[in-house]
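# I would like to see how this sequence folds:
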Amino acid sequence: MTKKGIHSVFLLFFCFSLLAQNKNDSLSVNFHLEFNKLPLELNKKYVSASNDTLMIETFRCYISNIQIQYGDNSVFTQKDSYHLLDFDNPNSFQIPISKKSDKMISKVTFNVGIDSLTNTAGAMAGDLDPIKGMYWAWQSGYINTKIEGKSTSCKTKQNAFQFHIGGYLQPYYAMRQMKFDWGKKADDDISIGIDLNPFFSNLELKENNSVMIPGKEAMKLANDSTKMFYAQ
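From the prediction side, this is the model:
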């Protein structure tokens with residue numbers, strides 16, 4: 001191998017090592033999608049507390065404005081942070097946010113959904129790009145959470161259910177804030193479970209299997225969706 005070739009290999013190895021080191025040094029919020037505390041599997045049949053047999057085909061959810069409060073009362077805020085968790089993209093459930101440290105984390109806060117100011121700013125790029133399938137139109141803005149699948153309880157075409165939860169205008173403001181007391185050092189990643197079982201426990205799919213616009217039903221589902229999240 002020529003000196004130029006050796007130099008190229010060394011440079012490539014150095015870049016990979018640097019990326020791995022940066023990843024290991026980063027404090028991440030890791031979300032884990034579940035049903036009844038077990039990892040959610042695509043198109044696997046589950047039975048809800050309402051006795052509905054169902055399969056999940058689509059899960060997408062916006063996480064924004066992640067904040068970490070430390071024991072010394074300092075606060076890290078990830079500015080302009082909008083992350084789309086997508087069942088079809090497992091890597092989207094790991095969100096690097098800051099450097100790891102020895103400080104104690106006292107609280108973890110984030111929003112489920114997109115704030116009204118961002119909604120009125122119009123469609124953007126990155127995870128906010130309309131190509132992601134999470135934007136209705138300028139009148140109604142972003143879908144905060146999308147859950148779709150099939151259930152024999154649904155007397156619909158192909159037994160489908162569709163829940164598109166969103167809305168940014170009062171009284172139908174669908175964004176919800178989650179707060180968790182933590183009490184762990186910031187030298188390990190933050191793990192948050194998203195268990196769909198509580199969400200479907202409050203639904204009878206025979207009667208309620210489609211919410212596609214902002215309104216009272218979407219507000220109820222937005223409240224119910226907060227029960228999915230828990231500190232692991």
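# Please name the residues that touch the nearest residue to L128 once chain neighbours are set aside.
The spatial neighbour of L128 that comes closest, neighbours along the chain excluded (Cβ to Cβ, 6 or more residues apart in numbering), is Y82 at 5.4 Å. To be clear about C-beta, it is placed using only N, CA and C from the backbone, and glycine gets the same treatment. Counting by Cβ atoms under 8 Å, 6 or more residues apart in numbering, Y82 makes contact with 62-64, 114, 118, 126-128.
# and I68, how many neighbours does it have?
By other Cβ atoms under 10 Å, the residues close to I68 number 24.
# re earlier: of the contacts of Y82, keep whichever come out buried.
Neighbour counting by 16 or more other Cβ atoms under 10 Å classes 62-64, 114, 118, 127-128 among the contacts of Y82 as buried.
# Where does pLDDT dip in the chain?
1-24 (pLDDT under 70).
# give me the number of residues near L42?
Applying other Cβ under 10 Å, I find that L42 has 12 neighbouring residues.
# can you map out the helices along this protein?
All helices of the chain, identified by DSSP state H, fall at 3-25, 116-120, 197-201, 216-225.
# for the second one, the distance to its chain's centre please.
If you compare the mean C-alpha spot of helix 116-120 with that of the full chain, they lie 18 Å apart, counting by Cα atoms, centre = their mean, to the nearest Å.
# Please apply the same query to stretch 51-70.
4 Å.
# Just the CA trace of that stretch, in PDB.
This file holds the C-alpha atoms of stretch 51-70, laid out as PDB (Å, rounded to 0.1, in the frame of the first residue of the first chain):
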ATOM      1  CA  ASN A  51     -60.700  -6.300  24.900                       C
ATOM      2  CA  ASP A  52     -59.900  -5.000  21.400                       C
ATOM      3  CA  THR A  53     -57.500  -7.100  19.300                       C
ATOM      4  CA  LEU A  54     -55.400  -4.700  17.400                       C
ATOM      5  CA  MET A  55     -52.200  -4.300  15.300                       C
ATOM      6  CA  ILE A  56     -50.100  -1.100  15.000                       C
ATOM      7  CA  GLU A  57     -49.000  -0.200  11.500                       C
ATOM      8  CA  THR A  58     -47.900   3.500  12.100                       C
ATOM      9  CA  PHE A  59     -46.700   5.400  15.100                       C
ATOM     10  CA  ARG A  60     -45.200   8.900  14.700                       C
ATOM     11  CA  CYS A  61     -44.900  11.500  17.400                       C
ATOM     12  CA  TYR A  62     -43.200  14.900  17.800                       C
ATOM     13  CA  ILE A  63     -41.000  15.500  20.800                       C
ATOM     14  CA  SER A  64     -39.900  19.100  21.300                       C
ATOM     15  CA  ASN A  65     -38.300  21.600  23.700                       C
ATOM     16  CA  ILE A  66     -36.300  19.000  25.700                       C
ATOM     17  CA  GLN A  67     -35.100  20.500  29.000                       C
ATOM     18  CA  ILE A  68     -32.700  18.900  31.600                       C
ATOM     19  CA  GLN A  69     -32.700  20.500  35.100                       C
ATOM     20  CA  TYR A  70     -29.700  19.600  37.300                       C
END
